[in-house]
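Trainee: I would like the atomic coordinates for the input below:
(one chain, ligands or ions: 1)
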Amino acid sequence: MCPPARCRTGPARATVVHVIEVSELTKRYGDTTAVRALTFTVRPGRVTGFLGPNGAGKTTTLRLLLGLDTPTGGTATVDGQAFAGRPRGLRRVGALLDAQDVHGGRSARAHLAALAASNGIPRRRVAEVLAEVGLADVAGRRIGGYSLGMKQRLGIAAALLGDPPVLVFDEPLNGLDPEGVQWLRALLRRLAAEGRTVFVSSHQMSEMELCAQDLVVIGRGELIAAESLGAFAARGTRRGVRVAARDPERLAAALRAEGAGVVAGEQGLTVTGADPARIGELALREAVVLTELTPLGSSLEQAFMELTADSVDYLAGEPR
Ligand SMILES: Nc1ncnc2c1ncn2[C@@H]1O[C@H](COP(=O)(O)OP(=O)(O)OP(=O)(O)O)[C@@H](O)[C@H]1O
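Mentor: Residues are numbered from 1 along each chain as shown. Okay, here's the model as predicted:
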């Protein structure tokens, strides 16, 4: 593979940084506003997770970015230019949008060879990417007989074919088995470590938690957050503070009188609405000996649920 840094030639290209920039991006389909005034930046050298509940507008955003659809307003650019489906576009941006969208009658090898030919990519890349995604042994088989996971791997192979500095994947973990998920997480991290810009959508926080460094979170087409994983997690409400004390009932009463929430459990009290310092002060005032005072950090999943709660269109299970 040619790392992006080495792909830059000449003084003009030396300053090129492979940034995805989305500015005031809006897309309406009739009465539906799929994306509304979205603005964010995706930087190279990091895996950026693109998160949002079902129907949030992730696929629409990626389609607009890739020039597969036209914005109603705003812009989406790579390296400062709109990316339209150019013949040699695979060298610039590699994308996996819909793994099922392939000609089932062809073999994986023939499919990739055709893509390579139309993008001016050396034929040897076909064997390289097939090996990279673990499909070398089945490359001669018809794609129509592939499982969803195998088609995802093929879609990833196609995205890697042109050795591009920018990679965009829409829900690439769908259909992968646990080994496949681990493999893909490692691949995404490696691609970013090579200096590429890696933008990956998912509707599940837990999927991104282990490989993304930055997050762009949207809900109902609007931006909720664009920041590092850590900053996003910190925005979730703290789960509370676990407290153990010699006289828990007395402390619980004092905390409740202060407006804090207190739930008594086997391991002690779980307190919300009061930080450890305030709990310590109250314990001192009530002359209650504390034996444990542990802040419970908010998990990313919880932050995601909280921050997108108002923008979930489709809920599984019980109605809200
Ligand atoms: N071609 C279209 N015509 C009409 N409405 C559309 C079209 N494409 C998307 N939408 C609507 O735009 C909204 C955003 O859809 P989109 O597929 O971008 O969301 P998503 O975040 O990718 O969802 P998911 O996680 O379920 O794939 C939805 O309400 C969807 O029904």
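Trainee: Name the residues of the protein found near the ligand, please.
Mentor: Counting by C-beta under 6 Å from any ligand atom, the chain comes close to the ligand at 29, 32, 34, 52, 54-60, 203. Backbone N, C-alpha and C define where each C-beta goes, glycine included.
Trainee: In strands, which of those residues fall?
Mentor: In strands, defined here by DSSP state E, the members of the residues of the chain next to the ligand are 29, 32, 34.
Trainee: ok, now which residue in this structure is the farthest from the centroid?
Mentor: Most distant from the centre of the chain: Ala287, at 48.2 Å, with distances by C-alpha atoms, centre = their mean.
Trainee: Beyond the helix or strand in which Arg256 is found, next helix or strand please.
Mentor: Taking DSSP states H and E as the definition, one finds Arg256 inside helix 248-257. Downstream of helix 248-257, the next assigned helix or strand under DSSP H and E is strand 261-265.
Trainee: Enumerate the positions of whichever helix or strand comes after that following strand that are buried.
Mentor: Downstream of strand 261-265, the next assigned helix or strand under DSSP H and E is strand 268-272. Neighbour counts over strand 268-272 (16 or more other C-beta atoms under 10 Å) mark 268-271 as buried.
Trainee: and if you look at stretch 29-45?
Mentor: 33-36, 38, 40, 42-45.
Trainee: Name the nearest of those residues relative to the ligand.
Mentor: Ala34 (3.2 Å; C-beta to the nearest ligand atom).
Trainee: and the gap between the closest one and Val22?
Mentor: When distance is defined by C-beta to C-beta, to the nearest Å, Ala34 is 14 Å away from Val22.
Trainee: The helix holding Arg256 - contacts with which helices or strands?
Mentor: Judged by 3 or more C-beta pairs under 8 Å, 6 or more residues apart in numbering; DSSP states H and E, the packing partners of helix 248-257 are strand 261-265, strand 268-272, helix 276-285.
Trainee: tell me the most buried of these?
Mentor: strand 268-272 (a mean of 20; mean count of other C-beta atoms under 10 Å).
Trainee: what residues does that strand touch?
Mentor: Contacts with strand 268-272, where a contact means C-beta atoms under 8 Å, 6 or more residues apart in numbering, come from 237-245, 248, 251-252, 255, 260-263, 279, 292, 296.
Trainee: if we go to 7 Å?
Mentor: 240-244, 248, 252, 255, 260-263, 279, 292 (C-beta atoms under 7 Å, 6 or more residues apart in numbering).
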